[in-house]
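Chemist: heads up, no residue letters with this:
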C-alpha cells in the first residue's frame, strides 16, 4: 500500500500544539429545509446509525476494548459508514456550494490517513514477528517433550529475543527513529545483545524514517470545525453528514495509532465534540476509556495498547521469571507451573494467529476504500460543475 497522494498527505506543522479536534461547544442549529424530506430522512438516519454503531463499540467491557477483535469491529464500522456516506452524496448530486468545498475538504483530509494505514500495516507485521517468537517458545516447551535443559535453554532464548524486540519497539513508538534496517537482523552473542539493540529492526517501514504518527494525526485534524448554522441550512443538512463522517474518520485513525505499534505514537489529542451531536457521546466515552488505559502504570511505556500486546508482555515476563528459577532436575510442582504458563502463552498465540491476517486485510481495505471514495467523490463534484 503506497500513498499515491504525497502532496496532499504532507502534514502542516504550524499548529502542532493544537488538539486533533478543537471544536467549539456552541449549540449547533440543525436547520433543514422542510421541502426536502427525503434529504432530512437520510441525514437523520445516517446520524442514528453512527450513534448505534459507536454505542455497540462502547458497550464492551475492559477486557475486550482495544483487542484485535474490537479493532476489527471498529474498522467494520468505518467501512460501513463510508459506504453510507458515499451513497448519500451520490443521491444528492445536484448539491452545490458550500457542500462541494466541505466534501472536498473531507476527501483531502482522508488522504492523510493513507500513511497511517501504511504504518499500521507495518505495526501488524511487527506483532506477527512477536507471534513467531512465541511459537518458538511453545515448540520448545511442547507437552510431548520432557522439560530438559535443552528445551529450557531454547525457550529462554526465544523469550529473550521477544523481550528485546518489544523493548526496541517501545523506543520506536515513543520517539522518531534515526535508522531502520530493511531486512531481518540476527542477534549477536548474548553478552552483546543489549549493545546491538539500537541496530536491530525487524522489518522495513513503508513510511519515511522521519514520519510521525502524532504529527500526522495533528495534520488530519487541522482546521476542522463543526458546520455553521448557515452551512447546514444551505446544504439542507448534508453538512452534518460530512462533519459526522469526518469525526468518525478522525477517531478511527486515532484509535489505530493508539492500539498498534508505529512511529512516535503520541496520544495527546483531545476530542471536543459539541453536545448537540448524539453520536458524540459514545465516541467521547471511547476516547476517554482509551486514554485511561494509556495512563495505567503498566501501559504507560507500551508500544501499543492492543490487549494482545499486553498479554504477550505479561505472560512472557511470568514465564521468564519462572524459567530463571528452575533447577535441574525439575520437580513435578515446578513442571506443572511451567505447563500452566505455557497454556497462557498458547492462548495469546492462538488469538494472534486467528486475528492478525483478517485485521491486516481490513486495514488494506480501508486504505483502498479511502483512495476509491476520494476519486469517485471528486469526479462527482467535477461532473456537477460541467
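Modeler: Nice, I can see it. Note that the coordinates shown come from a computational prediction; the quantities given were computed from them, not determined experimentally.

Chemist: Residue 60: how many residues sit nearby?
Modeler: Residues lying near residue 60 (other C-beta atoms under 10 Å) number 16. Glycine gets a C-beta too; all of them are placed from N, C-alpha and C.

Chemist: Look up the closest residue to it, ignoring the ones flanking it.
Modeler: residue 70 (6.1 Å; C-beta to C-beta, 6 or more residues apart in numbering).

Chemist: Enumerate every residue touching the one you found.
Modeler: 57, 60, 64, 307 (C-beta atoms under 8 Å, 6 or more residues apart in numbering).

Chemist: which parts of the helix or strand hosting it are buried?
Modeler: Using DSSP states H and E, residue 70 maps to helix 68-90. By 16 or more other C-beta atoms under 10 Å, the buried positions in helix 68-90 come out as 68-75, 77-78, 81-82, 84-86, 88-89.

Chemist: pLDDT value on the residue nearest to residue 60, please?
Modeler: Per-residue pLDDT puts residue 70 at 98.

Chemist: Over to residue 250?
Modeler: 95.

Chemist: State the helix or strand in which the residue nearest to the spatial centre of the chain lies.
Modeler: For the chain, residue 256 is the residue whose C-alpha lies nearest the centre (C-alpha atoms, centre = their mean; 0.9 Å). Assigned by DSSP H and E, residue 256 belongs to helix 238-259.

Chemist: now that helix and helix 68-90, what's the angle there?
Modeler: 160 degrees (axes from the mean of the first three to the mean of the last three C-alpha atoms, to 10 degrees).

Chemist: packing partners for helix 238-259?
Modeler: Where contact means 3 or more C-beta pairs under 8 Å, 6 or more residues apart in numbering; DSSP states H and E, helix 238-259 is packed against helix 37-58, helix 68-90, helix 99-111, helix 113-140, helix 213-221, helix 229-234, helix 280-295.

Chemist: In the stretch 151-300 of the chain, where is pLDDT below threshold?
Modeler: 171-205, 269-270 (pLDDT under 70).

Chemist: between the helix holding residue 70 and helix 37-58, how many degrees?
Modeler: 170 degrees.

Chemist: Show me how far helix 68-90 is from its chain's centre.
Modeler: Mean-position distance between helix 68-90 and its chain equals 14 Å (C-alpha atoms, centre = their mean, to the nearest Å).

Chemist: and if you look at stretch 338-357?
Modeler: Using C-alpha atoms, centre = their mean, the offset of stretch 338-357 from its chain centre is 22 Å.

Chemist: Can you pull out the residues in contact with it?
Modeler: Applying C-beta under 8 Å, 6+ apart, the set of residues contacting stretch 338-357 is 67-69, 72, 124, 127-128, 130-131, 134-135, 137-138, 141, 143, 147, 308, 311-312, 315-316, 318-319, 322-323, 326, 330.

Chemist: Residue 87 versus residue 45, what's the distance?
Modeler: Distance, residue 45 to residue 87, by C-beta to C-beta, to the nearest Å: 11 Å.

Chemist: again, but for residue 61
Modeler: With C-beta to C-beta as the criterion, residue 61 and residue 87 are 33 Å apart.

Chemist: Same check on residue 131?
Modeler: 38 Å.

Chemist: what does residue 223 give?
Modeler: 27 Å.

Chemist: picking that back up, orientation of the helix holding residue 70 relative to helix 113-140 in degrees?
Modeler: Using the same axes, to 10 degrees: helix 68-90 against helix 113-140 is 160 degrees.

Chemist: Over to the residue of the chain most remote from its centre: give its phi and psi.
Modeler: Note on the chain: the largest C-alpha distance from the chain mean falls to residue 329, namely 46.0 Å (C-alpha atoms, centre = their mean). Residue 329 adopts backbone torsions of phi -70, psi 150, taken as degrees, to the nearest 10.

Chemist: which parts of stretch 284-302 are buried?
Modeler: 284, 286-287, 290-291, 293, 299, 302.

Chemist: actually stretch 342-361, not the one I wrote
Modeler: Going by 16+ other C-beta under 10 Å, stretch 342-361 has these buried residues: 342, 345-346, 348-349, 351-352, 355-356, 359-360.

Chemist: before we move on, back to that, tell me the angle the helix holding residue 256 makes with helix 99-111.
Modeler: 10 degrees.

Chemist: Specify the angle between helix 238-259 and helix 213-221 in degrees.
Modeler: Angle, helix 238-259 to helix 213-221, by the same axes, to 10 degrees: 180 degrees.

Chemist: looking at this, residue 367 is in a helix?
Modeler: Yes: membership of residue 367 in a helix is supported by DSSP: H, G, I helix; E, B strand; the rest coil.

Chemist: Can you get me a residue count around it?
Modeler: So residue 367, with other C-beta under 10 Å, has 21 neighbours.

Chemist: Surely it and residue 118 touch.
Modeler: Yes: using C-beta atoms under 8 Å, residue 367 is in contact with residue 118, at 7.5 Å.

Chemist: which two from the buried residues of stretch 284-302 end up farthest apart in space?
Modeler: By the measure C-beta to C-beta, 284 and 302 form the most distant pair in the buried residues of stretch 284-302, at 22.8 Å.

Chemist: From the contacts of stretch 338-357, list the buried ones, please.
Modeler: For these, buried by 16+ other C-beta under 10 Å: 67-69, 72, 124, 127-128, 130-131, 134-135, 137-138, 141, 147, 308, 311-312, 315-316, 319, 323, 326, 330.

Chemist: how about the residue nearest to residue 248 when sequence neighbours are not counted, what does it touch?
Modeler: Among residues not flanking residue 248 along the chain, residue 81 sits closest, at 5.2 Å (C-beta to C-beta, 6+ apart). Counting by C-beta under 8 Å, 6+ apart, residue 81 makes contact with 49-50, 53, 245, 248.
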